[in-house]
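Participant: My questions are about this predicted structure, shown below with the sequence.
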Amino acid sequence: MKKMPTSLIAGALASSLTLAFSAHAAALPAVQEAPLRASLQFLSSDALEGRGTGQRSADVTVAYLETEAAAIGLKPANGASFRQSVKIAGVTATPETSTLHVQAGGRTLPLEYGKDWVWAPGDAQAQRRFDAPLLFVGYGVSAPEQGGWDDYKGMDVSGKLLVMMVNDPQPTAEEPNRFDGKSLTYYGRWTYKFEEAKRRGAAGVLLIHTDASASYGWSVVQHSWAGIERFQLTEGEVGSGLQGWMTEAAARALFAAGGQDLDALRAAAERRDFKPVALAASIEGEMTATVRKVEQFNVAGIVPGSDPALAAQVVIYSAHWDHLGKQAGSGDTIFNGAVDNASGSAALLAMARAAVQAPGKRSQMFLWVAAEEQGLLGSAAYASAPLWPLDKTAANLNLDSLNFVGPTHDIGTAGAERTELGQLAAAAAKRMGMRIAAARPDTGGGYFRSDHFNFAKAGVPAFSIESGHEYVHEQEASAAKAAAYGKRYHQVSDEYDPSWDLSGMTQTAQYTLTLGRMIADAPHMPQWKAGDAFGKARAPAK
């Protein structure tokens, strides 16, 4: 029997998913703006002190969310509880009691913590001794699907401390689309580089910072590492012994003292035939840190599915409830996080109120995750110990920093095109009289920096839904208002404004629920497109 081409099968499946939605769409209740506004105002109020990880306000936030979930009529997702424990450690490097140093060329390099380099344990250990040789591994990437790219070339790096560059190998005239051209792939993210080094048994990683490659100055690294409590999971996958950065000037001095030329090795690392290069240098001494253990919670509630067979599968809507909390200092020290991400958390509550009125065929989970601002920790904890089997999870639709300006003609669905969700997303937009926002190069790797990504890594079709850019009213003024938020991002000024037009936020919430219901009622779970790297983690759908 002649087989149908894979592309035709995928197209037919996506069409069936789209057609199946129309018969059930009329039963979907509307998301209401009033409860969304009320939740947004409360979650971002001074009373909740910025919902900081490891702070008292985190406990209050979780209590509020689980109380609201129960009142709405959601069912607990974790047995009789709405809570899922997320065990993390708060780690602060203590260079004043550490003796860590770099030996190269027979001398100790005069590297100053904060000024020249920063580091901290990646495994929540308060003390660790090092006597580890340094090895330059280029970009630290192993990507078989990128023409067999492998910076390690089979070398055993266990016990070594790896020095590497950030970002991806750059496109060339011969290969303009290698590593997605202008867009950043996950291989370019520093989180991947730490993870890959850990998988290979390395003692740790030092990343070479440049303003151009990181897209931000060294001061950003300083403020994120030096004297700052950093959080990490204590269960599941933990990091390597040492994680850190060094300035380009420090790296240049290290390579020269180690008998190598930094520029020559960086140029060599742009080629597929690059092999790791040992530096005549080592890191020695003791690294110390203060460590405190903290338990935070994801909050999850269920709308059970109505179909006896499909109810065993679930669509997950997610948003992170945390922000930066209350910090030391004078004046206003509360980072309220109204847009980021009281907006997404409030939208999920409003969506749940609508969803319980008319369940879909598949079950639907509303998931508020913890510690996103600390490195997507809550969603990582969920993915490693899911409350619903991942192979029975149809999709994850994530909300983060929603539209507070006004309604738009378009809606952002970057990442949906990697799966059959792309076609479904377009159909849902059309039904609401909208269109999908024009694609833009993902130069900052945005797809890999929100909670949906931990679902994608585990094989679940997932993406974040974002505001469009074509405003219904006063395009120029509205676009300027949206752009001005950049100055308030992660600042104490990200506060709720009662004058906000929340029709655009309600529109985004309605679109997300519409798409989720479309997935919940479809005959098949959506699939990744053939060849997508994240699709490899998904077992064939039952």
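Facilitator: Done, it's in.

Participant: now for the biggest helix by length in the chain, which elements pack on it?
Facilitator: Criterion DSSP state H: the longest helix present in the chain is helix 503-521. Packing partners of helix 503-521 (3 or more CB pairs under 8 Å, 6 or more residues apart in numbering; DSSP states H and E): helix 6-22, helix 33-43, strand 314-320, helix 343-355, strand 363-369, strand 393-399, helix 421-431, strand 462-467. Where C-beta positions appear, they are placed from N, C-alpha and C, glycine not excepted.

Participant: Next, count neighbours for residue 317.
Facilitator: 26 (other CB atoms under 10 Å).

Participant: I'd like to know how far it sits from residue 301.
Facilitator: For residue 317, the distance to residue 301 equals 10 Å [CB to CB, to the nearest Å].

Participant: and if you look at residue 130?
Facilitator: Taking CB to CB, one finds residue 130 at 46 Å from residue 301.

Participant: who's more crowded, these two?
Facilitator: residue 301 (27 against 19).

Participant: Run through the bridge partners of that one.
Facilitator: residue 76, residue 366 (DSSP bridges).

Participant: Could you pull up the residues touching it?
Facilitator: Shown in contact with residue 301 (CB atoms under 8 Å, 6 or more residues apart in numbering): 69-70, 72, 74-77, 82, 352, 365-366.

Participant: Quick one: those as a markdown table, columns for distance to residue 484 and neighbour count too.
Facilitator: Shown next, in a markdown table, are the contacts of residue 301 (distance: CB to CB, whole Å; neighbours: other CB atoms under 10 Å):
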| residue | distance to residue 484 | neighbour count |
| --- | --- | --- |
| 69 | 34 | 23 |
| 70 | 38 | 13 |
| 72 | 34 | 19 |
| 74 | 36 | 25 |
| 75 | 41 | 16 |
| 76 | 41 | 17 |
| 77 | 38 | 23 |
| 82 | 36 | 25 |
| 352 | 31 | 24 |
| 365 | 35 | 23 |
| 366 | 31 | 26 |
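
Participant: where along this structure do the helices fall?
Facilitator: Going by DSSP H, the chain shows helices at 6-22, 33-43, 56-72, 190-199, 211-214, 218-225, 248-257, 262-268, 343-355, 377-384, 421-431, 452-457, 475-484, 503-521.

Participant: Buried deepest among these, which one?
Facilitator: helix 343-355 (a mean of 27; mean count of other CB atoms under 10 Å).

Participant: follow-up on the earlier one: looking at the helices and strands packed on helix 503-521, which is nearest to residue 151?
Facilitator: Closest to residue 151 of those is strand 462-467 (CB to CB; 27.7 Å).

Participant: Contacts for the closest one next, please.
Facilitator: 395-403, 405, 408, 411-416, 418, 421, 437, 447, 450-453, 455-456, 482, 504, 508, 511-512, 515.

Participant: Partner strands of it, with direction?
Facilitator: Checking strand 462-467 against DSSP bridges gives partners strand 393-399 (parallel), strand 410-412 (antiparallel).

Participant: Also compute the angle for it relative to helix 377-384, please.
Facilitator: 150 degrees (axes from the mean of the first three to the mean of the last three CA atoms, to 10 degrees).

Participant: neighbours around the nearest residue to residue 422 once chain neighbours are set aside, how many?
Facilitator: Once flanking residues are discounted, residue 422 sits nearest to residue 416: 4.4 Å by CB to CB, 6 or more residues apart in numbering. Residues lying near residue 416 (other CB under 10 Å) number 24.

Participant: Residue 416 touches residue 425, doesn't it?
Facilitator: Yes: taking contacts as CB atoms under 8 Å, residue 416 lies within contact range of residue 425: 4.5 Å.

Participant: So for the two, which residues contact both of them?
Facilitator: In contact with both residue 416 and residue 425: residue 436, using CB under 8 Å, 6+ apart.

Participant: Show the model's pLDDT score for the residue nearest to residue 422.
Facilitator: Residue 416 carries a pLDDT value of 96.

Participant: how close does it sit to residue 423?
Facilitator: 9 Å.

Participant: Give the residue spans of the stretch 1-150 of the chain that score low on pLDDT.
Facilitator: Counting by pLDDT under 70, the stretch 1-150 of the chain shows low-confidence ranges at 1-27.
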